[in-house]
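Trainee: Okay, sequence plus prediction incoming.
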Amino acid sequence: MGQLRKPFQGVVNIIRFNWHFYVLAGVFIITLVLAALFLVPASLQTWFNVAILLAVLNILVSLLVSWYVYDYSDLYEFTWLDKVKLPKADNIANINAGFDETSILIKNKFMEAKLNVFDFYDPLKHTEVSIKRARKAYPSYPNTIKIQTTNIPMQNGTIDIAFGLLSAHEIRNAKERTDFFKEVNRILMAEGWFIVVEHQRDLANIMAFSLGAFHFYSKKEWSKTFREASFEITDSFKITPFLTAYILKKNGNTP
């Protein structure tokens, strides 16, 4: 129910940008149904019926959870951020992976701050077809700056608060991901904050998205990345059972 968002925008976008998955899933289910009707002996009918039911439930549950996370929850209202005692910010950075639904919302929440928007999408490294489709469907926020994950064109210590909302997991290489966090650390002021929101590879997300949850990283992996980039986790909490917010504080110079 986020501000400036249409009803069901989140779940519609998921289907729109990942339609190939739903086509494959539909073909798989139809194949199972036809096999159960015409090929499978009676002794295996029960197993095929169970497989069909599980396949249908998997799709329905993932869409229901997606609606809950991206359309029903307060993710895009940013009320969850009210529990974080952030300092007054003059300069804010929002860093996305090629699909930006949040910059206009952040600007509305921090009206007096200067918002710097960076897009690290590189089609040679970040090969998710869904991002390519999303970029065609949605224009970038005005004055968005294209960057490399390891080179943000800002001087040291110039940003008060940086946001990485559902974007950092698209950096699939562990070293590149750590280097990205080091670069964010570099541009933050001494008392700077980095707000990271991600799905985690945990029981809730595995139950919701099955194998799709392995596109996310575990809490252990995120903690390792933060530590290696000289960030301290000052707080972490669930926005929903499926989304975790990490509140990171700059902890000295990057190594």
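Mentor: Yes, it's here. Residues are numbered from 1 along each chain as shown.
Trainee: And the average pLDDT for the longest helix seen in the chain is what?
Mentor: If you go by DSSP state H, the chain has its longest helix at helix 45-67. Here helix 45-67 scores 92 as its mean pLDDT.
Trainee: Now do the helix or strand following it: everything it contacts.
Mentor: Downstream of helix 45-67, the next assigned helix or strand under DSSP states H and E is strand 91-96. Residues from elsewhere that reach strand 91-96, judged by C-beta atoms under 8 Å, 6 or more residues apart in numbering: 100, 102-103, 106, 110, 113-121, 141, 147, 152, 154, 158-165, 167, 184, 187. Bear in mind the C-beta positions are built from the backbone N, C-alpha and C, glycine included.
Trainee: let's see 7 Å
Mentor: Residues from elsewhere that reach strand 91-96 (C-beta atoms under 7 Å, 6 or more residues apart in numbering): 102-103, 106, 110, 113-120, 158-164, 167, 187.
Trainee: Only the buried subset of those, as a ChimeraX command please.
Mentor: To isolate the buried ones among the contacts of strand 91-96 in ChimeraX, judged by 16 or more other C-beta atoms under 10 Å, type:
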select :102,103,106,110,113,115,116,117,118,119,120,158,159,160,161,162,163,164,167,187
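Trainee: can you tell me which of the contacts of strand 91-96 are in helices?
Mentor: Where these overlap with helices, as defined by DSSP H, the overlap consists of 103, 106, 187.
Trainee: so which of those residues comes closest to residue 229?
Mentor: Using C-beta to C-beta, the shortest approach to residue 229 within those belongs to residue 187, at 12.2 Å.
Trainee: Next, the contact list for the closest one, please.
Mentor: Contacts for residue 187 were tallied using C-beta under 7 Å, 6+ apart; they are 93, 152, 154, 156, 158, 159.
Trainee: where does it land on pLDDT?
Mentor: The predicted local confidence for residue 187 comes out at a pLDDT of 98.
Trainee: Which strands and helices lie in contact with the longest helix of the chain?
Mentor: Identification of packing neighbours for helix 45-67 by 3 or more C-beta pairs under 7 Å, 6 or more residues apart in numbering; DSSP states H and E yields helix 9-17, helix 19-38, helix 203-209.
Trainee: got these as TSV, with distance to residue 179, mean pLDDT and mean neighbour count columns?
Mentor: Supplementary listing: the helices and strands packed on helix 45-67 in TSV, determined by distance: least, C-beta to C-beta, whole Å; pLDDT from 0 to 100; neighbours: other C-beta atoms under 10 Å:
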stretch	distance to residue 179	mean pLDDT	mean neighbour count
helix 9-17	27	92	18
helix 19-38	30	89	13
helix 203-209	26	96	17
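Trainee: Any chance of these in JSON lines with distance to residue 134 as columns?
Mentor: Conversion of those to JSON lines gives the following (distance: least, C-beta to C-beta, whole Å):
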{"stretch": "helix 9-17", "distance to residue 134": "5"}
{"stretch": "helix 19-38", "distance to residue 134": "12"}
{"stretch": "helix 203-209", "distance to residue 134": "18"}
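Trainee: To residue 89, which of the ones you listed lies closest?
Mentor: Residue 89 lies closest, by C-beta to C-beta, to one member of those: helix 9-17, at 26.8 Å.
Trainee: Show me what the closest one is in contact with.
Mentor: By C-beta under 7 Å, 6+ apart, helix 9-17 touches 22, 63, 66, 67, 70, 71, 130, 133, 134.
Trainee: does the last one count as helix, strand or coil?
Mentor: When the structure is reduced to helix, strand and coil (DSSP: H, G, I helix; E, B strand; the rest coil), residue 134 reads as helix.
Trainee: So for the closest residue to it other than its chain neighbours, what pLDDT did the model give?
Mentor: Spatial nearest neighbour of residue 134, excluding adjacent residues (C-beta to C-beta, 6 or more residues apart in numbering): residue 99 at 3.9 Å. At residue 99 the predicted local confidence, pLDDT, stands at 91.
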